[in-house]
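Colleague: Next one to model:
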Amino acid sequence: MDEEILVVPRAELFDRGSFRGVTTEGLDGYLDRVRRFGVFRRRGDVEEDPSLKQIIPYLVVRSGDCYMLFQRTQVGGEGRLHGLHSIGVGGHIAKTDESEAADAVAGADDAVAAGLRRELDEELIVDGPWTARLVGVLNDDENAVGQVHFGLVHIVDVPSGRVAIRETDLLTGRLAGISEVRAVYAQMETWSQLVLDAGILEG
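Modeller: Numbering: from 1, shown residues only. Down below sits the predicted model:
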């Protein structure tokens, strides 16, 4: 909880009011406001402060027509998530990502891109080149966790299809077709359901 993470004041992030779900409109504007108004704060100080939105790169991994379908194991701190499926992995943007971006490490030109790359490297083993593209932003203020987070939804294309879970004690996963993904919709985490509802995977 002492890690410094990127947050944006809610009032600066939503210039035309907040929304629920995933929107594909005005993406450049959201990114611009994240970069202009983002500040780093101690995580423990912002976890229950809905006036600040913690910025989360949310990565949906794709190879051809298949997507990585994840499932949380019974191990891990958040019992409410045990056994649930997900089509994305995500995490906070840390102060160290800003330093990495400043040094142009890993080809990242800013903290958002550096955080995205670090999160992918932490969660997955990707054999071969990959590209990431912002396809939407995600917001859900209907629960306490969602009230303090804001997702930057990226499609990460891995042409080789060679993707593996790094920490298999916490997460399992495999490439699955969109019909298989939709078949477990009822057992998905809310953010994954909202991404599917937006229809951006079929687009």
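Colleague: So in terms of bridging, what pairs with the closest residue to L69 other than its chain neighbours?
Modeller: Nearest non-adjacent residue to L69, counting by C-beta to C-beta, 6 or more residues apart in numbering: A176, 4.2 Å away. For the C-beta atoms, the positions are set from N, CA and C on the backbone; glycine is no exception. Note on A176: beta-bridge partners Y67, judged by DSSP bridges.
Colleague: Tell me, how many residues neighbour A176?
Modeller: 18 (other C-beta atoms under 10 Å).
Colleague: Run a quick neighbour tally on the residue nearest to W130 when sequence neighbours are not counted.
Modeller: Closest residue to W130 apart from its sequence neighbours, by C-beta to C-beta, 6+ apart: V158 at 4.7 Å. Each residue near V158 was counted by other C-beta under 10 Å, and the total is 22.
Colleague: Lowest mean pLDDT among the helices and strands of this protein, which one is it?
Modeller: helix 95-102 (a mean of 70; mean pLDDT, DSSP states H and E).
Colleague: Can you name every helix or strand that the helix or strand just after that helix contacts?
Modeller: Remark: after helix 95-102, the chain's next helix or strand is helix 111-123, criterion DSSP states H and E. With contacts taken as 3 or more C-beta pairs under 8 Å, 6 or more residues apart in numbering; DSSP states H and E, helix 111-123 sits against strand 4-9, helix 27-37, strand 52-63, strand 89-90, helix 95-102, strand 149-157.
Colleague: Adding distance to D121 and mean neighbour count, write those out as CSV.
Modeller: What follows is the helices and strands packed on helix 111-123, written out as CSV (distance: least, C-beta to C-beta, whole Å; neighbours: other C-beta atoms under 10 Å):
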stretch, distance to D121, mean neighbour count
strand 4-9, 18, 21
helix 27-37, 21, 14
strand 52-63, 11, 23
strand 89-90, 11, 22
helix 95-102, 12, 18
strand 149-157, 12, 22
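Colleague: related to what we said a few turns ago, can I assume the residue nearest to L69 is in contact with Q71?
Modeller: No: the pair A176 and Q71 fails to qualify as a contact (C-beta atoms under 8 Å) at a distance of 10.8 Å.
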